[in-house]
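*Asks:* how does the following fold in three dimensions:
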Amino acid sequence: MGKSRKVSKVKTPELLPKGQFVLTPERGIAETTFPDMAEMNKELEEFLVPLAKARLEELGKQSASKSVKIHHVDAWDIPAARFIDKRAKAMFKEISGFKNAVVDLSWASVYFNGDYILPHAHSRSQGSVVYMVSLGDDSDDDPMSGKFMISDPRLQLCCQDDGKYMSNNYMPDLKEGSMIVFPASIVHMVTPYMGDRPRITLAWNINEKALPLRKGQEAYGIPPHPGKAGVKRLTA
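*Replies:* Coordinates of the predicted model:
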């Protein structure tokens, strides 16, 4: 007899609820917060944190500039992951106007105390989606702890003084259940996280059409996708 599994009793909501408010601070950028994700966020957190801790124990801490990555959201064997993966693709299509949403890569970032991500953009992708599972803890010492920021001098959002030179970062008001969609070429970052409870985000790089599989350096550090490599789905 196989190993027994806990069956999720979470009710599946609509992918894109009618009347959902979406903020568009600049063309191509869209932010919204789904109020129906509390139970699914709990399921995601309970699934991801033990995996991230086990990965840290196995590999050790290489650098605070890297959160712990768990790749391939659609391959996680829990209902919450399958739902949020579908919702991210639906949001991408809604905002971009594309008929298709093909994920090139997806992953969770689990931040422990001191972790941060340097400014970067995403290659091999037309659009990026970030979803907030857990904000973690606020820091009494640093109100800027663990903040997602867009820092790109090509955007008016970041050049509000004179419209020409970068004078500020754009920091969306992300909450647990928030999702932001933006062009993958936009430079963004996460400030050092100083809390104790893990901060968790999910991310997707999405295109209208599929790209060739990653090879060589492009595939470095990324495990094969279970659906494309004939291996089992990831379970806790």
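
*Asks:* for Tyr116, grab the count of nearby residues.
*Replies:* 19 (other C-beta atoms under 10 Å). The C-beta positions use only the backbone N, C-alpha and C, and glycine is treated the same way.

*Asks:* ok, Arg154 next?
*Replies:* Arg154: 12 neighbours (other C-beta under 10 Å).

*Asks:* for this structure, what spans make up the helices?
*Replies:* Using DSSP state H, the helices assigned to the chain run over residues 38-59, 79-96, 226-229.

*Asks:* with only the CA atoms kept, save the longest one in PDB.
*Replies:* Right, helix 38-59. Extracted C-alpha coordinates of helix 38-59, given in PDB (Å, rounded to 0.1, in the frame of the first residue of the first chain):
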ATOM      1  CA  ALA A  38      -4.900  32.500   2.900                       C
ATOM      2  CA  GLU A  39      -5.400  28.700   3.100                       C
ATOM      3  CA  MET A  40      -3.400  28.100  -0.100                       C
ATOM      4  CA  ASN A  41      -0.600  30.300   1.100                       C
ATOM      5  CA  LYS A  42      -0.400  28.200   4.300                       C
ATOM      6  CA  GLU A  43      -0.300  25.000   2.200                       C
ATOM      7  CA  LEU A  44       2.500  26.500   0.100                       C
ATOM      8  CA  GLU A  45       4.500  27.600   3.100                       C
ATOM      9  CA  GLU A  46       4.200  24.300   4.900                       C
ATOM     10  CA  PHE A  47       5.400  22.600   1.700                       C
ATOM     11  CA  LEU A  48       8.300  24.900   0.800                       C
ATOM     12  CA  VAL A  49       9.900  25.800   4.200                       C
ATOM     13  CA  PRO A  50      11.000  22.200   5.000                       C
ATOM     14  CA  LEU A  51      12.300  21.700   1.500                       C
ATOM     15  CA  ALA A  52      14.300  24.900   1.700                       C
ATOM     16  CA  LYS A  53      15.700  24.100   5.200                       C
ATOM     17  CA  ALA A  54      16.700  20.600   3.900                       C
ATOM     18  CA  ARG A  55      18.400  22.100   0.900                       C
ATOM     19  CA  LEU A  56      20.400  24.500   3.200                       C
ATOM     20  CA  GLU A  57      21.500  21.600   5.300                       C
ATOM     21  CA  GLU A  58      22.600  19.700   2.300                       C
ATOM     22  CA  LEU A  59      24.400  22.400   0.400                       C
END
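
*Asks:* and it, how far from the chain's centre?
*Replies:* Put simply, helix 38-59 sits 14 Å off its chain's centre (C-alpha atoms, centre = their mean, to the nearest Å).
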